[in-house]
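Engineer: Sequence first, then the predicted structure:
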Amino acid sequence: MKQPDLETLSTVFENVFDNWIGPLTAETTQKDVPGWDSLAHVTLIIDLEITFSVKFTSEEIGRMTSVKDITAIIRSKG
């Protein structure tokens, strides 16, 4: 499994959120990213699963509302 870093996460965010202009930090939250709604969240989860070769539970998906949370959850996988 690939470990999460801000560069890789930034690439995922740029692919998912067309209107979003970084920089991405650990403190970036759902409220900071234009267009991060429920549909975009599903797309983000799929891209994260592919990029990092992981699968998330429903509980984990619900907690992924910031870069810090996303990073912690991915790290907990491996």
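Structural biologist: All right, it came through fine.
Engineer: Now do the end-to-end distance for stretch 10-21.
Structural biologist: 10 Å (CA to CA, to the nearest Å).
Engineer: doesn't Leu9 make contact with Pro23?
Structural biologist: No - with contact defined as CB atoms under 8 Å, Pro23 does not reach Leu9; the gap is 11.0 Å. In this view, the C-beta of every residue, glycine as well, is placed from N, C-alpha and C.
Engineer: Neighbour count: the two, which is higher?
Structural biologist: Neighbour count, other CB atoms under 10 Å: between Pro23 and Leu9, Leu9 has more, with 22 against 7.
Engineer: Where does the more buried one sit: helix, strand or coil?
Structural biologist: Assigned with DSSP: H, G, I helix; E, B strand; the rest coil, Leu9 falls in the helix class.
Engineer: measure it to Ile45 for me?
Structural biologist: Using CB to CB, to the nearest Å, Leu9 is found at 13 Å from Ile45.
Engineer: Likewise for Ala26?
Structural biologist: Relative to Ile45, Ala26 is positioned 19 Å away (CB to CB).
Engineer: Mind giving me the packing neighbours of the lengthiest helix in the chain?
Structural biologist: Using DSSP state H, we find that the single longest helix of the chain is helix 38-52. With contacts taken as 3 or more CB pairs under 8 Å, 6 or more residues apart in numbering; DSSP states H and E, helix 38-52 sits against helix 6-16, helix 67-76.
Engineer: quick one: contacts of the worst-scoring helix or strand of the chain on mean pLDDT?
Structural biologist: In the chain, no helix or strand scores lower on mean pLDDT, DSSP states H and E than helix 6-16, which sits at a mean of 94. Under the contact criterion CB atoms under 8 Å, 6 or more residues apart in numbering, helix 6-16 has outside partners 2, 20, 22-26, 33, 40, 43-44, 47-48, 51-52, 67, 70-71.
Engineer: relative orientation of that helix and helix 38-52 in degrees?
Structural biologist: Relative orientation of helix 6-16 and helix 38-52, computed by axes from the mean of the first three to the mean of the last three CA atoms, to 10 degrees: 140 degrees.
Engineer: Name the residues of helix 6-16 that are buried.
Structural biologist: By 16 or more other CB atoms under 10 Å, the buried positions in helix 6-16 come out as 6, 9-10, 12-13, 16.
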